[in-house]
Every structure is written in structure tokens, then in C-alpha cells.
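[1] Sequence and predicted structure, then a few things I'm wondering about:
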Amino acid sequence: MSVLIVGSIAIDTVKTPVEEHSELLGGSASYAALAASFFSPVRLVGIVGNDFPKSEFDFWRSRKIDTEGVQRVNGKTFRWSGEYSWDLNTRQTRSIDLNVFKDFKPALPETYRQTDFVLLANIAPSLQTHVLEQMERPRFVVADTMDLWIETARSDLDALLRRVDLLILNDSEAREMTKETSLIKAGRRIQKMGPAHVAIKKGEHGALLFGEGDRFFSCGAYPLEDIHDPTGAGDTFAGGMAGYLAGTVKTVHFNDLRKAMIYGSVLASFCVEAFSLERLRNLSMEEITKRYETFKLMSQFEVPPE
């Protein structure tokens, strides 16, 4: 099955203590769509200006990413510039120009409206809800959010949560949303707000998954010697999860989500190995499978007999 992905499409400039690169493809939808495309066809919804490279549309189509839902309008594409600290765990936004993204209102083509799996990547919760209002009963809805919406659009976010099956957010956002210091308590409290499942990202420390009842799963992060650019890792994680679910299951169970979380973590680990989407562009399914199997061995409690 296909997965519908809506979010931002941007052109980034990223500076780390070692390197700086500009004119990079970025945005939540860009990372999520490419990650999801390893497992299922993607229907992409976003907006770009007339400065956006045609070559990116060609690349998307080569990866089973349908771009009928991407609006191309007069003006400049959303641009973001950021700089990372020495440990690559914190970053500062140097500049942000919304440009055509400022007036973005997702409009779904008729062929997109019956898509069973949906990933609402990081955009304003009112826009995420607007997408759902155009759809005909999707089977499984995943939503990502951030601290900005928790602080400035909480009522819109609360309304969205009642329509979401899986919410993805990071540890600081979970604590901010619930005022809980314990992530276990935070995850359970967010479930009471609407979503049956909650995934809390912890960066280099992995992720937590909360399911119905007392179901719980803790996923580590794949250890890497070299990290070049953490930008988009969380969006890649979400896209990998949503794409795996859309491509492999009809009815989502907790064990499916556990496996999807591992695949999302694997893809995120590849994402940070190069700037922008460059590592994902050249990634093979064989490499993903190999790292997934290594991840499984690392996570086993009992050592298999030799």
C-alpha cells in the first residue's frame, strides 16, 4: 500500500564544526518520503517555489514518490540555515525564510484521498488536521510534532491528537507537553490525550514505544563512529516507520510497530552519515537489511549458541 506524506520541503544550509554545505534538499517531508520509499510507494504533499530544482522531482519519481500533490508556485522555496555545536546534539537556527511555505495549505489530489496510511510530518497541527479532513477514513495515521506547536498551538494540537493512531515526538517535547520528568509517565499521559500509540525519540539514546494497556518497547540507537549531519534524522525515523507499516501490514499490531521502530532507527542511522539526503540517495535495501540484522543481534539479551 502507499503512504501519504505531508510536510515541509526546504532548501537548507548546514554548518557543523567541521564542514558547511548550502543548497541542500531539506524539510520534514523530503526526509520522510525518501525513507518511506524503501518500503512502499509514497504520495507526497508539499509546496516549493520556482527556484526548486527540477532534478529533485526527477529523483523523487525514480524512487516511487508520486509528486502530484506538490504545489509549485511563483516565489522562493522555504529556506533554513542552522549551525551545530561541537557534539552535534544541539543546534542553533541562523536564519529561516518561509517564503512560499508561509501560505501553504495542503490540497490533496482526488487520487490521494483514499490512501490507507498517512504520515503528517512536522507542520502546524491545524494544517495536519486540514489534511485529515480531506481524506476518507485512513487506516492508520502517524503524526510528528515539535515544541513550537506545543507552545503556540496547543488547542489545535490537542484536537489533532484525538484523530491520530501514533504520535511521534522527542523527549524534551514529551516532557514539555505533559510536565512530567519521567518519560514513562509522559508517554502514558500522552496516550490519554488520544493516540493509541506514542513513540518518544531520545536521539543517540534510542526511542521508547508505548502501546495499548501496559505494552512497552525500548529501542536502542545504532552506534556510529562518524556522524556528519543530524539534520532530518527524526523525520527519517518517522518516514521509515510509516513506510514499513504501509508496505508490509494491513492491520497494525504492536509487534508491527516494534519492527517498524527498528527500521526507522536503522534508516536514521544511515541519514546522519552524510549531509542532507546524500546517504539515503545512495543507500541500498541490502545495506538496510544487513544493519537491521546487526541491530537485532545487538539487542538480544541471551547470546545465541556458537
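    Received the coordinates, thanks.

[2] drop to CA atoms for contacts and neighbour counts, all remaining ones
    Fine.

[3] residues in contact with Ala35?
    Thr236, Phe237, Gly239, Gly240, Gly243, Leu267, Leu280 (CA atoms under 8 Å, 6 or more residues apart in numbering).

[4] and of these, the nearest to Leu127?
    Gly239 (18.3 Å; CA to CA).

[5] Ignoring the adjacent residues along the chain, who's closest to that closest one?
    Ala32 (3.9 Å; CA to CA, 6 or more residues apart in numbering).

[6] thought that neighbour was touching Asp235?
    Yes - with contact defined as CA atoms under 8 Å, Ala32 reaches Asp235; the gap is 5.1 Å.

[7] more neighbours, these two?
    Ala32 (32 against 27; other CA atoms under 10 Å).

[8] so how far is Asp156 from that one?
    23 Å (CA to CA, to the nearest Å).

[9] Show me where the stretch 201-306 of the chain has its strands.
    Using DSSP state E, counting those that start in this stretch, the strands of the stretch 201-306 of the chain run over residues 207-210, 216-219.

[10] partners of the first one, with directions?
    When you say that, I think you mean strand 207-210. strand 197-201 (antiparallel), strand 216-219 (antiparallel) (DSSP bridges).

[11] and these, which one's lowest on average pLDDT?
    Mean pLDDT is lowest for strand 216-219 out of the strands paired with strand 207-210, coming in at a mean of 94.

[12] what about the spatially closest residue to Arg258 that is not a sequence neighbour, how many neighbours?
    Nearest non-adjacent residue to Arg258, counting by CA to CA, 6+ apart: Phe217, 6.9 Å away. Neighbours of Phe217 under the rule other CA under 10 Å: 15.

[13] which ones are touching Phe217?
    Leu208, Leu209, Phe210, Arg258 are the contacts of Phe217 under CA under 8 Å, 6+ apart.

[14] what about 10 Å?
    Going by CA atoms under 10 Å, 6 or more residues apart in numbering, Phe217 touches Ala199, Ala207, Leu208, Leu209, Phe210, Gly211, Phe254, Asn255, Leu257, Arg258, Met261.

[15] Could you pull up phi and psi at the nearest residue to Lys105 once chain neighbours are set aside?
    Leaving aside its sequence neighbours, Lys105 sits nearest to Leu127 (CA to CA, 6+ apart; 6.7 Å). Main-chain torsions, Leu127, degrees, to the nearest 10: phi -70, psi -40.

[16] what does the one 5 residues further on give?
    Backbone geometry at Leu132, expressed as degrees, to the nearest 10, gives phi -60, psi -30.

[17] That one reaches Pro138, doesn't it?
    Yes - Leu132 lies in contact with Pro138 (CA atoms under 10 Å); the separation is 8.2 Å.

[18] between these two, what contacts are shared?
    In contact with both Leu132 and Pro138: Arg113, Val118, using CA under 10 Å, 6+ apart.

[19] right, and Thr251 touches Leu245 too?
    Yes - using CA under 10 Å, Thr251 makes contact with Leu245 at a distance of 8.9 Å.

[20] what is in contact with those two at once?
    Shared contacts of Thr251 and Leu245 (CA under 10 Å, 6+ apart): Phe140.

[21] more neighbours, these two?
    Leu245 (27 against 10).

[22] wait, is Leu24 part of a helix?
    No - counting by DSSP: H, G, I helix; E, B strand; the rest coil, Leu24 is located in no helix; its state is strand.

[23] what separates it from Thr231, distance-wise?
    11 Å.

[24] ok, the two, which is more surrounded?
    Each of Leu24 and Thr231 has its neighbours counted (other CA under 10 Å); Thr231 has more, 25 against 17.

[25] you'd agree the more buried one is up against Thr93?
    No - counting by CA under 10 Å, Thr231 does not reach Thr93; the two are 11.7 Å apart.

[26] any common contacting residues for those two?
    Val14, Gly82, Tyr84.

[27] Save these as JSON lines, and put in neighbour count and distance to Ser2 too.
    As requested, the shared contacts of Thr231 and Thr93 are arranged in JSON lines below (neighbours: other CA atoms under 10 Å; distance: CA to CA, whole Å):
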{"residue": "Val14", "neighbour count": "23", "distance to Ser2": "31"}
{"residue": "Gly82", "neighbour count": "17", "distance to Ser2": "32"}
{"residue": "Tyr84", "neighbour count": "19", "distance to Ser2": "35"}
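
[28] Need the residues you listed in TSV (columns: pLDDT).
    What follows is the shared contacts of Thr231 and Thr93, written out as TSV (pLDDT from 0 to 100):
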residue	pLDDT
Val14	96
Gly82	95
Tyr84	94
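
[29] Grab the nearest non-local neighbour of Ala196.
    Per CA to CA, 6+ apart, closest to Ala196 is Asp165, 5.4 Å.
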